[in-house]
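[1] below are the sequence and a predicted model for it; my questions follow.
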Amino acid sequence: MLISGAGDIDDIEHIFAKNGVTSIELDGIGSRCSMCNGLLEERTRDQLKSEIPNKVSDYHNKFYQCAACGKVYWEGGHLSRMRALAKTVESRIGRAAPPPWPHQKVKIG
Ligand SMILES: [Zn+2]
């Protein structure tokens, strides 16, 4: 199951609960380009020196670049917002009564 963008947390929680989702695979977040769905590859700050604003490179250590279209991403923007959302939803699902169904993981990205 793929969910993109931040919808209402209650809706997401409801959808997950209905589908028996009890935990969220955080590793999958941000592994795809949001522009073209290409694979993101990790890059060092030096590799992207000309691509990222100084303000960004000063405060972030992890950078990614789309292998297909070349779009640059870094932790702290879209990626960390998605992680925060996933964490919130997961903690809310986790507080619910133990589900009778088998545990299932989903990817958000
Ligand atoms: Zn791309």
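    Thanks, I have it.
[2] check the separation of the first and last residues in stretch 62-69.
    19 Å (C-alpha to C-alpha, to the nearest Å).
[3] that stretch vs the ion: in contact?
    Yes: contact of stretch 62-69 with the ion (C-beta under 5 Å from the ion) involves 66, 68-69. C-betas here are computed from N, CA, C, even on glycine.
[4] quick one, helices of this protein?
    Here the chain has its helices, by DSSP state H, at 9-18, 54-59, 78-95.
[5] let's see the longest one as PDB, backbone CA atoms only.
    The C-alpha atoms that make up helix 78-95 are tabulated as PDB, following Å, rounded to 0.1, in the frame of the first residue of the first chain:
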ATOM      1  CA  HIS A  78       9.800  16.400   2.900                       C
ATOM      2  CA  LEU A  79      11.500  13.300   4.200                       C
ATOM      3  CA  SER A  80      11.500  14.200   7.900                       C
ATOM      4  CA  ARG A  81       7.900  15.400   7.600                       C
ATOM      5  CA  MET A  82       6.900  12.000   6.200                       C
ATOM      6  CA  ARG A  83       8.800  10.300   9.000                       C
ATOM      7  CA  ALA A  84       7.100  12.400  11.700                       C
ATOM      8  CA  LEU A  85       3.700  11.600  10.200                       C
ATOM      9  CA  ALA A  86       4.500   7.900  10.100                       C
ATOM     10  CA  LYS A  87       5.600   8.000  13.700                       C
ATOM     11  CA  THR A  88       2.500   9.800  14.900                       C
ATOM     12  CA  VAL A  89       0.200   7.300  13.100                       C
ATOM     13  CA  GLU A  90       2.200   4.400  14.300                       C
ATOM     14  CA  SER A  91       2.000   5.500  17.900                       C
ATOM     15  CA  ARG A  92      -1.700   6.000  17.600                       C
ATOM     16  CA  ILE A  93      -2.200   2.600  16.000                       C
ATOM     17  CA  GLY A  94       0.000   1.100  18.600                       C
ATOM     18  CA  ARG A  95      -2.200   2.400  21.400                       C
END
